[in-house]
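*Asks:* Take a look and give me a structure for this.
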Amino acid sequence: MTAVARQPDAAAELPVAPPSAPGAAAASSGRQDRWGRTADEIGAVVIGGDYQGMGIIRSLGRRGIPICVVDDELSIGRFSRYATHALRVGDLRDPEYTVQTLLATGRRLGLEGWVLYPTREETVAALSRSRGRLSELFRVPTGDWRAVERAWDKRKTYELAGELGIPYPRTWYPTGVAELTAIDTDPPWVIKPAIKETFLHATGAKAWRADDRTELRARFAQAAQVVGPGEVMIQELVPGDGRHQFACCAFAKDGQILAKMVARRRRQHPPEFGRASTFVETVDVPLLEEFSSRFLSAIDYYGLAELEYKLDPRTGQFKLLDVNARTWGYHSLGAAAGVDFPYLQFADQLGQTVPPCRARVGTRWIRLATDVPTAIVELWAGRLSLPAYLRSVRAADAESVFDRHDPLPGMIELALIPYLAVKRGF
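*Replies:* Next up is the predicted model:
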């Protein structure tokens, strides 16, 4: 395990605990928590230092909150001016190793009472299942396993959605090739895992497409070898690209959504089964707020969440695809739209009141490192014109990594493009 210590620049863009910000009263009063810390001594441990983690680092670091970045990859977060500590560790896909590493790091660096921020599904699961152990040293805003499992396992996600009257794509759960004959819709179909992380790491894909029954059988057999036949789902393919992808993003407490943002993917990578958004815009779709509130309330959810939907152009119906029980790739769009999700959760963890708030409509976010190659594919296919693309880039209010006040991570990401392409396929 290696460590790099950095001190945040004194000229942070936002002052520490501004008078109107949650946390100001606790910091000025000198009240101590159960670890003997005052609010201005409490920081955040960001587990994962890619562009998603970068958004958390800046959200909190600009307010003078100390940051410890823990990652098992070569990532850009450690190069931020706001990273007080940066550690490269072993494989964080191993849940027990993750928990032990966090506890050892917290004790060694004196991080008692700091807030944990996971950025990947397997880390969310590890934290949720070990909340009791981790809570002895940290503030753990990840919900209990009973709630988190509803997001972790899509079989349970869709089961609950059906009970709540939330539409989702027709889905089958065959345990063998022979059961594929029971699928009574026409192609194309989607082959995807119930629990995505193993499949994603092994194949680099979120899902596979099958255009006929022969391909369906072959793809199902391949997927079953990766994750086991009991975890392979077959789903109707809802037509449409990223422009049909929507999400309701939320900070929820006591089953109620306190902060909300509805967003539409204008572009995603890859274009059909997007692993990540590349250009996103806030929109106003009250129905998605209603569906999401219904789902999160049913499991008494606490924390940050993104619920993904796809608009079926055949029926005009929004269908639930995924629930992510953590920050999401484009969460820094929220800060640009007036809802700074990581900071709201941090404030709540410090016992401050988080007033209800909603993101402004028409705010745009872009990740140039993946949006440019995505746009090239779309331009080549004739689905996007160059003038339209350039207009969208100029209209962006936030970029995922590039920031003139914290420029080094953006420069490092450019240098890491070959590494990221091999490691993650972006």
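*Asks:* Check whether the residue nearest the centre of the chain sits in a helix, strand or coil.
*Replies:* When CA atoms, centre = their mean is applied to the chain, the residue found nearest the centroid is residue 328 (2.0 Å). Assigned by DSSP: H, G, I helix; E, B strand; the rest coil, the conformation of residue 328 is coil.
*Asks:* Let me know the distance separating it from residue 338.
*Replies:* Distance, residue 328 to residue 338, using CB to CB, to the nearest Å: 17 Å. In this view, the C-beta of every residue, glycine as well, is placed from N, C-alpha and C.
*Asks:* where's the residue nearest to the centre of the chain relative to residue 322, distance?
*Replies:* Counting by CB to CB - residue 328 and residue 322 are separated by 10 Å.
*Asks:* what touches both of these two?
*Replies:* Common neighbours of residue 328 and residue 322 (criterion: CB atoms under 8 Å, 6 or more residues apart in numbering): residue 306.
*Asks:* Residue 343 contacts residue 60, correct?
*Replies:* Yes: shown here, residue 343 and residue 60 form a contact pair, counting by CB atoms under 8 Å, at 6.2 Å.
*Asks:* hmm, back to that, next one: phi and psi at the residue nearest to the centre of the chain?
*Replies:* The phi/psi pair for residue 328 (degrees, to the nearest 10) reads phi -120, psi 170.
*Asks:* Run through the residues that contact the residue lying closest to it once chain neighbours are set aside.
*Replies:* Setting aside the residues directly before and after it, residue 328 is nearest to residue 306 in space (CB to CB, 6 or more residues apart in numbering), at 3.9 Å. Residue 306 makes contact with 247, 248, 249, 250, 322, 323, 324, 326, 327, 328, 331, according to CB under 8 Å, 6+ apart.
*Asks:* picking up where we left off before, do I have it right that the residue nearest to the centre of the chain meets residue 250?
*Replies:* No: counting by CB under 8 Å, residue 328 does not reach residue 250; the two are 10.5 Å apart.
*Asks:* gap between residue 240 and residue 396?
*Replies:* For residue 240, the distance to residue 396 - CB to CB - is 23 Å.
*Asks:* Neighbour count: those two, which is higher?
*Replies:* Using other CB atoms under 10 Å as the criterion, residue 240 and residue 396 rank with residue 396 on top: 20 against 14.
*Asks:* And residue 160, which helix or strand is it part of?
*Replies:* Following DSSP states H and E, one finds residue 160 within helix 154-164.
*Asks:* Tell me the gap between that helix and the middle of its chain.
*Replies:* Once both centres are worked out by CA atoms, centre = their mean, to the nearest Å, helix 154-164 turns out to sit 20 Å from its chain's centre.
*Asks:* Report the buried residues of that helix.
*Replies:* For helix 154-164, burial by neighbour count (16 or more other CB atoms under 10 Å) applies to 154, 156, 157, 158, 160, 161.
*Asks:* The residues you listed: which two are farthest apart?
*Replies:* Maximum pairwise distance among the buried residues of helix 154-164 (CB to CB): 10.6 Å, between 154 and 160.
*Asks:* Pull out the buried residues from stretch 228-240.
*Replies:* So for stretch 228-240, counting by 16+ other CB under 10 Å, buried means 229, 231, 232, 233, 234, 235, 236, 237, 238.
*Asks:* Redo the residues you listed as a markdown table? Include distance to residue 194, pLDDT and secondary structure.
*Replies:* Shown next, in a markdown table, are the buried residues of stretch 228-240 (distance: CB to CB, whole Å; pLDDT from 0 to 100; DSSP: H, G, I helix; E, B strand; the rest coil):
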| residue | distance to residue 194 | pLDDT | secondary structure |
| --- | --- | --- | --- |
| 229 | 11 | 83 | helix |
| 231 | 5 | 93 | helix |
| 232 | 8 | 95 | strand |
| 233 | 6 | 96 | strand |
| 234 | 11 | 96 | strand |
| 235 | 11 | 96 | strand |
| 236 | 16 | 95 | strand |
| 237 | 17 | 94 | coil |
| 238 | 18 | 93 | coil |
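*Asks:* wait, which of these is closest to residue 125?
*Replies:* Distances from residue 125 to the buried residues of stretch 228-240, taken by CB to CB, are shortest for residue 231, at 14.3 Å.
*Asks:* I figured that closest one hits residue 194, correct?
*Replies:* Yes: the pair residue 231 / residue 194 is scored as a contact, 4.6 Å apart, by CB under 8 Å.
*Asks:* Can you show me the helices along the stretch 1-150 of the chain?
*Replies:* Counting by DSSP state H, counting those that start in this stretch, the segments of the stretch 1-150 of the chain that form helices are 24-29, 51-61, 95-109, 121-129, 131-134, 145-152.
*Asks:* Let's have the ones you listed in TSV, adding mean neighbour count, mean pLDDT and distance to residue 392.
*Replies:* Below are these laid out as TSV (neighbours: other CB atoms under 10 Å; pLDDT from 0 to 100; distance: least, CB to CB, whole Å):
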stretch	mean neighbour count	mean pLDDT	distance to residue 392
helix 24-29	16	41	38
helix 51-61	27	97	19
helix 95-109	17	97	38
helix 121-129	23	96	29
helix 131-134	16	96	41
helix 145-152	20	95	31
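*Asks:* Tell me which of the ones you listed lies nearest to residue 391.
*Replies:* Nearest to residue 391, of the helices of the stretch 1-150 of the chain and by CB to CB, is helix 51-61 at 23.3 Å.
*Asks:* Bridged to the residue nearest to residue 328, which residues?
*Replies:* Beta bridges link residue 306 to residue 249, residue 324, judged by DSSP bridges.
*Asks:* Could you measure from it over to residue 56?
*Replies:* In this view, residue 306 and residue 56 are 14 Å apart by CB to CB.
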